[in-house]
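> Sequence and predicted structure below; questions after.
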Amino acid sequence: MGKVLGDVLGLAAGVAISPLPIIAIILVLVTPRGRLNGLLFTVGWVVGLSVLGAVMLVIGGPGGASAQHHPATWVGGLKLGLGLLLVLFGARQWHRRPAPTSEAQLPRWMAAIDRFTPVKIFGLGLALSAANVKNASLTIAAAASISSAGLPAGEQIASLAVFVVIGTLGLLTPLAVLLFTGERATAVLSGWKDWTARHNVAVMAVLFFVLGAKLLGDGIGILVS
């Protein structure tokens, strides 16, 4: 199990560093029902990662590893494909990055977050975790590693839970700021939002490249060993 956790922790950190969801939860937190909406958004995020990971565990089955606990060949092919996908998206993001002097452009739906119902807030958290290219790819790759390692069901679930917790830290930080810093929270969160919005595209491009390269390397390593 320790080896599996070593494999998935880097992927979980990649999920945690998600500029757009972090901007989204900051905007959610400054709505009139910020605390409730922030919790709903976070629950939606956790459910999205957990369900996607659980589905992959079921698809992968309980086995597939060799007697030496070497990952199954299909995991190598999957990671290779996901890595290539992330690298291509990284190139696309980098090509579309705004000029340094231009104003940050955020998705139009963010302007309407303060009018979202609790159900939409929950759905937004769900979508930004399970339907996001980077986060979905990393979750699938992590679950594939877990499912093919030959672990008992209980250890598979525990490994996925660790992945989800680490992957949620990026959202828990703004939520903790709101809960524990009182009146200073608005100013702190506003500063974070502005910085993240300004550097969102560049940060995402770099993350796509780095994480894609990691998955490519992992996939090639599994296939040739």
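The structure has been received and is ready for your questions. Treat the numbers as computed from the prediction; the structure is a model and nothing was measured.
> mind listing what's buried in the helix-or-strand element of the chain with minimal mean pLDDT?
One helix or strand of the chain scores below all others by mean pLDDT, DSSP states H and E: helix 185-224, with a mean of 83. Applying a neighbour-count criterion of 16 or more other Cβ atoms under 10 Å, one finds 185-186, 189, 192-193, 196-198, 200-201, 203-205, 207-209, 211-212, 214-216, 218-219, 222 buried in helix 185-224. In short, each C-beta sits where N, CA and C put it, glycine included.
> helices or strands up against it?
helix 2-16, helix 19-29, helix 73-95, helix 133-147, helix 153-180 (3 or more Cβ pairs under 8 Å, 6 or more residues apart in numbering; DSSP states H and E).
> got the ones you listed as a markdown table, with mean neighbour count and mean pLDDT columns?
Shown next, in a markdown table, are the helices and strands packed on helix 185-224 (neighbours: other Cβ atoms under 10 Å; pLDDT from 0 to 100):
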| stretch | mean neighbour count | mean pLDDT |
| --- | --- | --- |
| helix 2-16 | 19 | 86 |
| helix 19-29 | 24 | 89 |
| helix 73-95 | 18 | 87 |
| helix 133-147 | 25 | 91 |
| helix 153-180 | 18 | 91 |
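> Distance to residue 111 added to those helices, as JSON lines?
Shown next, in JSON lines, are those (distance: least, Cβ to Cβ, whole Å):
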{"stretch": "helix 2-16", "distance to residue 111": "26"}
{"stretch": "helix 19-29", "distance to residue 111": "9"}
{"stretch": "helix 73-95", "distance to residue 111": "22"}
{"stretch": "helix 133-147", "distance to residue 111": "23"}
{"stretch": "helix 153-180", "distance to residue 111": "19"}
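> Please identify which of those is closest to residue 59.
Among the helices and strands packed on helix 185-224, helix 133-147 comes nearest to residue 59, with 7.6 Å by Cβ to Cβ.
> and that closest one, how far from the chain's centre?
9 Å (Cα atoms, centre = their mean, to the nearest Å).
> What of stretch 113-124?
With Cα atoms, centre = their mean, you get 19 Å for stretch 113-124.
> And for stretch 110-120?
21 Å.
> quick one: buried residues of that stretch?
110, 113, 116, 120.
> Assess the claim that the third one and residue 125 are in contact.
This means residue 116. No. The criterion here is Cβ atoms under 8 Å, and residue 116 misses it with residue 125 at 10.8 Å.
> The most centrally placed residue in the chain - nearest residue in space that isn't next to it in sequence?
The centre of the chain sits closest to residue 15, judged by Cα atoms, centre = their mean, with a distance of 2.5 Å. In space, and not counting its chain neighbours, residue 15 is closest to residue 167: 3.5 Å by Cβ to Cβ, 6 or more residues apart in numbering.
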